[in-house]
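Peer 1: coordinates only, sequence not included:
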């Protein structure tokens, strides 16, 4: 009997233990991701209520207003009557947020989708990297991404780029197992293909077919690096099935919009999707032309401080310090960064926002340099860079303490001069003092590592680097960027203007000013309008006018705003000048 009890089956088998443990493990994993999402949301939401500047964001806000106020869901129009030049998914989602929260389109509601997309992207990078590279690399990639100003600053912009980046990363990550499976055709389940097609279709509804192009180009670069033939993938059915689903979803808007808008919308669609890529002499739009190295330069600057770690990361691949099993997933994600660099460097139109899809791959690459198998040249170079970066803010602190009133002998642009003036005005009050405390923690960690050099010092260095990056990024998004927006935006001056203008016609010297029209609540025409009674102009605008016309302008109210053209002022136009 005793023998039977001893040799009999246990009361809980190993399979049962796994079954009981898996739900608990899954719950812990989801709870961890939820806490990471809360942290990322708090970090990225800083400065979400800052005033709009220039044209891009207020024009987007006016398109959202067109949907909320006038129900123009198919083809929104701004205050001047110009139709939306981009697919509408971002504006649909933003309009839904505005409608659900009172029907008002303000800075917070117009930017809410970008904050949510940025939060989801940071958590997706964390989850994918933990699953495919390693736990420590996942958390460091998450921290590095949040501490990158080029990423965090765009989470509070009412533009489509961050939503596109989320969809691109999600779709591209879903392709990975389909490329690496021995028989991708059999392993690409119907559910996965449909999900991938839907995500790419939403990407098309966000910014056009570029979602498919970048994923295909990045996957091809990865296969070429792995010495595999990208053409072989095209012989399988699943890529074409995915593209067919994506195109069908994109057609939900493109076909009705083309049918209702006619040739005008077709021309806009062609210009946005093909004209921006082609050079002007081949039928491209020719706008925003910049040299071929512009995207590379912007990527190096926008990905700072992660760019400091690119060299040791590349060196780790060359010296073999990174483990073999981690090389493939890291190469896969950095292939998207290479695709972004290649495609937009060739494209005729180049803008700052185009670098966003490259940042997740760079974060994963740079995080991998803190989990090397061998301590060689790459690890030593990494340690020097980390120590220099973590301790670098000491220079700024010493400057503020002893040389605050001594300006450097350099020529700065208007925005850089404004930032420098704000930097000199920094006072160590909360929340800046709280950020300072976090940086001191990073310095303490790095100081311990430099003095003791424990075996696992690399992870501590990564944490110190990430915390320092996060502190510097938050300092900029919470204080500097927000204060500069308040100093430059016409938002604070509009109530004074409206109080004087009342029912009369306000005008500007020339062109279109979306920032003004958004806060004023109506389109503001130029001086060709015969009904002009008041003029809003900067000193630069006045310099371009004839002395006779300037003599007929009566100053009504002046502002203390800053900007390249000088502070705008409100003038009353005499009847003779109006003619």
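Peer 2: Sure thing, it's come through. Note that the structure is a prediction, hence the values are computed from the model and not measured.

Peer 1: So residue 322 lies in a strand, does it not?
Peer 2: No. According to DSSP: H, G, I helix; E, B strand; the rest coil, residue 322 belongs to no strand; its state is coil.

Peer 1: The closest residue to it other than its chain neighbours is in what secondary structure piece?
Peer 2: Excluding its sequence neighbours, the residue lying closest to residue 322 (Cβ to Cβ, 6 or more residues apart in numbering) is residue 316, at 4.6 Å. Every C-beta, even on glycine, is put in place using the N, C-alpha and C of the backbone. Assigned by DSSP states H and E, residue 316 falls within helix 310-319.

Peer 1: Following element in sequence after that helix, please.
Peer 2: Helix 310-319 is succeeded, C-terminally, by helix 324-346 (DSSP H and E).

Peer 1: could you say what helices and strands that next one packs with?
Peer 2: Judged by 3 or more Cβ pairs under 8 Å, 6 or more residues apart in numbering; DSSP states H and E, helix 324-346 is in contact with helix 107-132, helix 161-180, helix 210-225, helix 294-302, helix 359-368.

Peer 1: Please report the number of neighbouring residues for residue 242.
Peer 2: 27 (other Cβ atoms under 10 Å).

Peer 1: these two touch, right, it and residue 193?
Peer 2: Yes. Between residue 242 and residue 193 there is a contact under Cβ atoms under 8 Å: 5.5 Å.

Peer 1: Now do the strand or helix carrying residue 458 against helix 359-368, angle only.
Peer 2: Using DSSP H and E, residue 458 maps to helix 457-475. Using axes from the mean of the first three to the mean of the last three Cα atoms, to 10 degrees, the direction of helix 457-475 lies 140 degrees away from that of helix 359-368.

Peer 1: mean confidence for stretch 137-154?
Peer 2: Mean pLDDT, computed over stretch 137-154, is 94.

Peer 1: Straight-line length of it, end to end?
Peer 2: Separation of the first and last residues of stretch 137-154 by Cα to Cα, to the nearest Å is 24 Å.

Peer 1: same check, this time on stretch 502-510
Peer 2: 21 Å.

Peer 1: for stretch 146-160, same thing?
Peer 2: Terminal residues of stretch 146-160 lie 19 Å apart, using Cα to Cα.

Peer 1: any idea which helix or strand comes after the helix or strand harbouring residue 139?
Peer 2: In this structure, residue 139 sits in helix 135-146 according to DSSP H and E. Note on helix 135-146: by DSSP H and E, the next helix or strand toward the C-terminus is helix 149-152.

Peer 1: show me where pLDDT drops low in the stretch 201-350 of the chain?
Peer 2: 268-290, 349 (pLDDT under 70).

Peer 1: Also the chain?
Peer 2: The chain contains residues with pLDDT under 70 at 1-21, 181-188, 268-290, 349, 399-437, 439, 442, 445-456, 576-579.

Peer 1: And the strands in it?
Peer 2: Remark: strands assigned in the chain by DSSP state E are 505-507, 532-537, 553-558, 569-573.

Peer 1: Direction included, what does the shortest one pair up with?
Peer 2: When sheet partners are counted by DSSP bridges, strand 505-507 sits next to strand 532-537 (parallel).

Peer 1: Residues contacting the strand it pairs with, please?
Peer 2: 497, 500-501, 504-509, 516, 524-525, 527, 553, 556, 568-573, 578 (Cβ atoms under 8 Å, 6 or more residues apart in numbering).

Peer 1: Could you pick out the buried ones from those residues?
Peer 2: For these, a neighbour count by 16 or more other Cβ atoms under 10 Å gives the buried set as 497, 501, 505-509, 516, 524-525, 527, 553, 556, 568-573, 578.

Peer 1: what's the neighbour count on the residue lying closest to residue 323 once chain neighbours are set aside?
Peer 2: Distance criterion Cβ to Cβ, 6+ apart; nearest residue to residue 323, sequence neighbours excluded, is residue 373 at 4.7 Å. Neighbours of residue 373 under the rule other Cβ under 10 Å: 14.

Peer 1: Look up how far residue 134 lies from residue 373.
Peer 2: 11 Å (Cβ to Cβ, to the nearest Å).

Peer 1: just residue 338 next, same as before
Peer 2: Residue 338 is 22 Å from residue 134, by Cβ to Cβ.

Peer 1: higher neighbour count, the two?
Peer 2: Counted by other Cβ under 10 Å, residue 338 and residue 134 do not tie: residue 134 has more neighbours, with 20 against 17.

Peer 1: for the more buried one, phi and psi?
Peer 2: phi 170, psi 160 (degrees, to the nearest 10).

Peer 1: Would you agree residue 84 is in contact with residue 90?
Peer 2: No. Contact between residue 84 and residue 90 fails when scored by Cβ under 8 Å: they sit 9.9 Å apart.

Peer 1: Which one of those two is surrounded by more residues?
Peer 2: The neighbour comparison of residue 84 against residue 90 (other Cβ under 10 Å) goes to residue 90, with 27 against 24.

Peer 1: so what's that one up against?
Peer 2: 60, 113, 159, 160, 163, 206.

Peer 1: What of residue 525?
Peer 2: 505, 507, 508, 532.

Peer 1: Please apply the same query to residue 496.
Peer 2: Taking Cβ under 8 Å, 6+ apart, one finds 557, 559, 570 in contact with residue 496.

Peer 1: Let me have those residues in a markdown table, extended by distance to residue 351.
Peer 2: Formatted as a markdown table, those follow (distance: Cβ to Cβ, whole Å):
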| residue | distance to residue 351 |
| --- | --- |
| 557 | 35 |
| 559 | 29 |
| 570 | 33 |
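
Peer 1: Now residue 382: closest residue in space that isn't a chain neighbour?
Peer 2: Here the residue nearest residue 382, using Cβ to Cβ, 6+ apart, is residue 312, at 4.1 Å.

Peer 1: Tell me how far that neighbour lies from residue 150.
Peer 2: For residue 312 relative to residue 150 (Cβ to Cβ), the value is 20 Å.

Peer 1: Kindly report the same for residue 208.
Peer 2: In this view, residue 208 and residue 150 are 22 Å apart by Cβ to Cβ.

Peer 1: quick one, which of the two is more surrounded?
Peer 2: Per other Cβ under 10 Å, whichever of residue 208 and residue 150 has more neighbours is residue 150, with 24 against 21.

Peer 1: thinking the more buried one is in contact with residue 302, fair?
Peer 2: Yes. Using Cβ under 8 Å, residue 150 is in contact with residue 302, at 2.9 Å.

Peer 1: Identify the contacts common to these two.
Peer 2: 355, 359.

Peer 1: Near residue 555, how many residues? Count them for me, please.
Peer 2: Based on other Cβ under 10 Å, the number of other residues close to residue 555 is 9.

Peer 1: quick one: contacts for the residue nearest to residue 323?
Peer 2: So residue 373 contacts 321, 322, 323 (Cβ under 8 Å, 6+ apart).

Peer 1: Equivalent analysis for residue 73, please.
Peer 2: Per Cβ under 8 Å, 6+ apart, neighbours of residue 73: 67, 88, 92, 95.

Peer 1: switch the cut-off to 10 Å
Peer 2: Taking Cβ atoms under 10 Å, 6 or more residues apart in numbering as the criterion, residue 73 is in contact with 66, 67, 88, 91, 92, 95, 253.

Peer 1: No more questions from me, cheers.
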